[in-house]
Structures are given as C-alpha cells and as structure tokens.
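[1] what follows is a predicted structure for the sequence shown.
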Amino acid sequence: MKKHLVWILPVILVIVLTLGWFVYFRHLPFFQGKSSSQNNSSGQQEYTGILKEAQNLVSQMGDEGEKVSFKIRDVVITYDDILYEEARLKPFDFEQTMSKIPEKDQKVYRSKLREDAVTNLLNRIYIDFYIEDNKITITEEMVEKAHNEVEKLLRERSKNPEAFDLESYLTSIGDTMEAFRKDMVNQAKYTAVTTPLLKKVSIPSEKEIKTFYETNKEMFNEPAGADLDIILTDSDEKAEQAILLLKNGSTWENACAKFSKLEPEQTHLGMTYQTDMPEEMSKIVFAPGTKLNTPYKVQFMTQWYVIKINSITEKVVHTYEEARSSAEQQLTETKKRGIIDQFLKDLAEKYGKPEVIKP
C-alpha cells in the first residue's frame with residue numbers, strides 16, 4: 001500500500017490513533033505490508049478513552065484552529081507544542097497528499113492528525129506523572145536499548161539494510177537525531193511503565209483461542225484483491241473525458257498525463273486488498289461481469305477516479321488449524337492492548353482531565 005492514496009488516509013489515521021499511545025515515535029511504518037483485516041482487528045478494542053478527550057480539545061480549537069493551550073495540573077501544553085507533535089507524526093508526504101484533495105476533505109484529515117497529536121501529548125503527561133509519583137528511574141541504558149531496537153527494525157525494513165544509515169534516513173523524512181533521541185527517551189519511559197503490566201497477561205486457553213477465531217474469522221482470511229491503476233481527477237466531467245479518450249484508443253499513460261492529479265509513478269497502485277478499498281470502488285471492482293483492462297469511473301468523497309483493473313485474486317479462507325498460531329498471537333496482543341488502555345484511562349482519572357486555556 002502506498003501512503004499517497006487518498007482513500008487510504010482515513011485507514012492510516014485510524015491506525016495511528018489506535019497505536020499513537022502505544023509508541024512515541026513516527027519512524028516505524030506499522031501499517032505497511034499488512035492487510036486491513038490485520039490492522040483493524042475486526043472491531044476489537046476501540047481504545048477511545050483518552051482519544052475522546054483529545055477530540056473534545058480539538059473541537060474547542062474551532063474550525064480555524066484557534067490557538068488554545070491546555071493544562072493538566074501544573075503542566076501546560078501550548079499550541080506550539082501541538083503543532084510540533086503534528087509535524088513529528090505526519091507522514092513525510094502528508095502535505096503533498098493534501099495539496100491534491102479538496103479543502104473540505106483536507107479538514108477531515110488534518111483534524112484527525114491533530115487528535116492523534118493531542119492524544120500522544122496527553123498520554124505522555126500522564127505517564128510522566130506516574131513515573132514521578134512512583135520514583136521510576138529512566139537510565140541511559142534503557143534509552144540506548146530503545147534506540148538500538150528501533151534502528152534495527154528500520155534497517156531491516158529498508159530497501160538496502162547493509163547500507164542503511166540512521167542519520168541519513170532521518171534527514172530524508174525531515175527529522176533529526178536530536179528529535180529521534182527525544183522519541184527514544186519517551187519510548188524508554190513507556191516501556192518502563194508498561195512492561196510490568198504486561199506480565200499480568202495470561203496465556204490464552206484453547207477455548208479462548210477458538211472463540212477468538214470464530215468471532216473474528218475474517219481477520220485470518222486473505223481478502224480478495226486487485227491490481228489497479230488509477231487516474232485521480234477533481235470533476236465528473238474530467239473523469240468522463242479520460243474514459244472517452246481511453247475508449248478511443250489512447251494509452252493509459254497519455255490519459256494520465258492529461259487528466260490525473262497524481263504523479264506518473266503514483267497512478268499504479270499494484271495489488272490492493274478489497275478490504276482496503278472504499279466501498280464505492282469495491283462494488284465496481286468485484287462486481288459480476290467487471291472486465292479487466294477496461295476503464296471505470298468511481299466517485300469517492302469529492303473526487304472522481306478512473307480505474308483500470310489489471311488482475312484480480314480470489315479470497316482465501318483459512319481453517320482454524322491453519323490460523324490457530326496467528327489467532328493466539330492476535331488474542332494475546334489484544335489482551336495486552338486492553339490492559340494498557342485501561343491503565344492509561346485510570347491515569348487520566350487519577351490525574352484529571354485537561355483544562356483548556358484560551359488566548
């Protein structure tokens with residue numbers, strides 16, 4: 001999946017909101033290389049406790065982003081702090097993506113990003129309070145361990161692991177070693193606080209695993225998919241013109257050059273899971289009688305796409321025996337996330353809700 005896809009943005013942002021408190025850095029592409037069935041966990045744990053507070057704070061900033069601050073006890077988070085956290089979290093191509101979509105759609109995505117940033121800031125404050133109250137020491141060794149683990153993961157996921165250089169990578173995404181260091185300090189704090197909690201997670205019984213599988217069967221199947229090319233336009237008329245041009249014998253490349261708002265390399269999506277597509281597109285791609293290498297028009301939100309289906313793969317259903325190991329792992333992770341989420345909710349209740357400070 002490619003992060004520039006307009007319809008995938010909501011999926012990505014939901015995942016970030018779910019995991020934003022789970023990690024304090026933006027360097028790992030947790031949502032890349034996974035199907036949405038893995039990501040969405042079929043509706044398991046919503047993790048909305050502190051997110052709701054973040055949404056409330058963002059709503060009080062107003063449509064124009066009034067420069068409000070907020071505080072919890074004696075800790076003040078300024079508007080500039082929120083902007084910095086947004087910049088730290090946003091994908092490197094976020095602004096480029098925003099420039100290609102209508103203003104009202106941008107507001108939706110920018111609001112989600114702000115909620116994510118505020119959620120992170122709230123959780124960070126609560127964890128700092130907890131560390132102070134419980135006299136937990138964060139050592140240099142703990143920070144170094146977090147650094148090494150993250151750098152290892154980044155190296156393994158890079159195109160050329162042998163030649164991977166952390167500082168060069170950070171520069172390429174507009175980050176610095178200093179900012180990375182702060183991220184690793186926060187990650188070390190998070191690990192120090194949550195590790196003892198996770199020791200309470202029980203090993204799932206066979207009955208629990210089987211029930212989890214039966215409740216979430218779709219999570220363990222491989223969804224149908226399609227290899228797609230797209231032309232992104234901003235009007236129904238342009239989409240119709242692109243289709244007419246293609247039906248009259250024009251090449252796909254020529255139609256893209258005339259009508260697509262995307263860069264040439266962005267018009268080929270590759271294999272895309274049905275569960276990752278907006279419903280409007282899925283209905284066309286997987287409809288009976290849909291033909292390969294034929295242009296179709298799709299409207300999603302305020303934009304119009306022309307899509308071409310190069311190939312389709314069928315859904316693969318896995319039995320319990322085939323999926324058992326994955327089901328056990330997913331259930332264990334769900335339990336862990338549930339424990340941590342409850343812990344953070346308890347901290348929020350203990351230390352109090354954020355208070356808005358208007359300018």
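    Thanks, I have the structure now.

[2] any low-confidence regions in the stretch 51-200 of the chain?
    In the predicted model of the stretch 51-200 of the chain, residues 62-66, 92-93, 100 satisfy pLDDT under 70.

[3] and the helices in it, which stretches?
    79-89, 94-98, 103-133, 140-157, 166-172, 177-198 (DSSP state H, counting those that start in this stretch).

[4] right, so those helices: which one is the most enclosed?
    With neighbours taken as mean count of other Cβ atoms under 10 Å, those reach their highest mean count in helix 103-133, at a mean of 19. From N, CA and C alone the C-beta is placed, and that goes for glycine too.

[5] work out the gap between it and the centre of the chain.
    14 Å (Cα atoms, centre = their mean, to the nearest Å).

[6] what's the answer for stretch 237-251, then?
    Its chain's C-alpha centre and that of stretch 237-251 lie 34 Å apart, by Cα atoms, centre = their mean.

[7] kindly report the same for stretch 84-104.
    With Cα atoms, centre = their mean, you get 13 Å for stretch 84-104.

[8] ok, now stretch 157-173?
    For stretch 157-173, the distance to the chain centre is 21 Å (Cα atoms, centre = their mean).

[9] compare the helices of the stretch 51-200 of the chain and give me the one nearest Ala257.
    helix 94-98 (18.7 Å; Cβ to Cβ).

[10] so which elements touch the closest one?
    Contact analysis of helix 94-98 by 3 or more Cβ pairs under 8 Å, 6 or more residues apart in numbering; DSSP states H and E lists helix 103-133 as its packing neighbours.

[11] packing partners for the helix it packs on?
    Using 3+ Cβ pairs under 8 Å, 6+ apart, helix 103-133 sits against helix 9-19, helix 49-60, strand 69-72, strand 75-77, helix 79-89, helix 94-98, helix 177-198, helix 320-351.

[12] one more pass at 7 Å, please.
    If contacts are counted by 3 or more Cβ pairs under 7 Å, 6 or more residues apart in numbering; DSSP states H and E, helix 103-133 sits against helix 9-19, helix 49-60, helix 79-89, helix 177-198, helix 320-351.

[13] returning to what we had before: dump the helices of the stretch 51-200 of the chain into CSV; add distance to Glu214 as well.
    Formatted as CSV, the helices of the stretch 51-200 of the chain follow (distance: least, Cβ to Cβ, whole Å):
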stretch, distance to Glu214
helix 79-89, 36
helix 94-98, 39
helix 103-133, 32
helix 140-157, 33
helix 166-172, 42
helix 177-198, 26
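
[14] nearest to Lys283 among the ones you listed would be which one?
    Closest among those, once you apply Cβ to Cβ, is helix 103-133, at 20.7 Å.

[15] okay, the angle between that closest one and helix 79-89?
    Per axes from the mean of the first three to the mean of the last three Cα atoms, to 10 degrees, the angle that helix 103-133 makes with helix 79-89 is 100 degrees.

[16] that older thread, mind checking which of the helices of the stretch 51-200 of the chain is nearest Phe212?
    helix 177-198 (18.3 Å).

[17] for the very next helix or strand once past the closest one, which positions count as buried?
    For helix 177-198, the following helix or strand on the C-terminal side (DSSP states H and E) is helix 206-215. Neighbour-count burial for helix 206-215, with 16 or more other Cβ atoms under 10 Å as criterion, is recorded at Glu208, Ile209, Phe212, Tyr213.

[18] name the surrounding residues that touch helix 206-215.
    Phe220, Tyr320, Ala323, Arg324, Ala327, Glu328, Leu331 (Cβ atoms under 7 Å, 6 or more residues apart in numbering).

[19] hmm, back to that, any chance of a markdown table for the buried residues of helix 206-215, columns pLDDT and distance to Asn148?
    A markdown table is the format used below for those (pLDDT from 0 to 100; distance: Cβ to Cβ, whole Å):
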| residue | pLDDT | distance to Asn148 |
| --- | --- | --- |
| Glu208 | 96 | 34 |
| Ile209 | 96 | 33 |
| Phe212 | 95 | 33 |
| Tyr213 | 95 | 35 |
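
[20] what sits against the closest residue in space to Lys67 that isn't next to it in sequence?
    Spatial nearest neighbour of Lys67, excluding adjacent residues (Cβ to Cβ, 6 or more residues apart in numbering): Tyr79 at 4.3 Å. The contact partners of Tyr79, by Cβ under 7 Å, 6+ apart, come to Lys67, Val68, Ser69.
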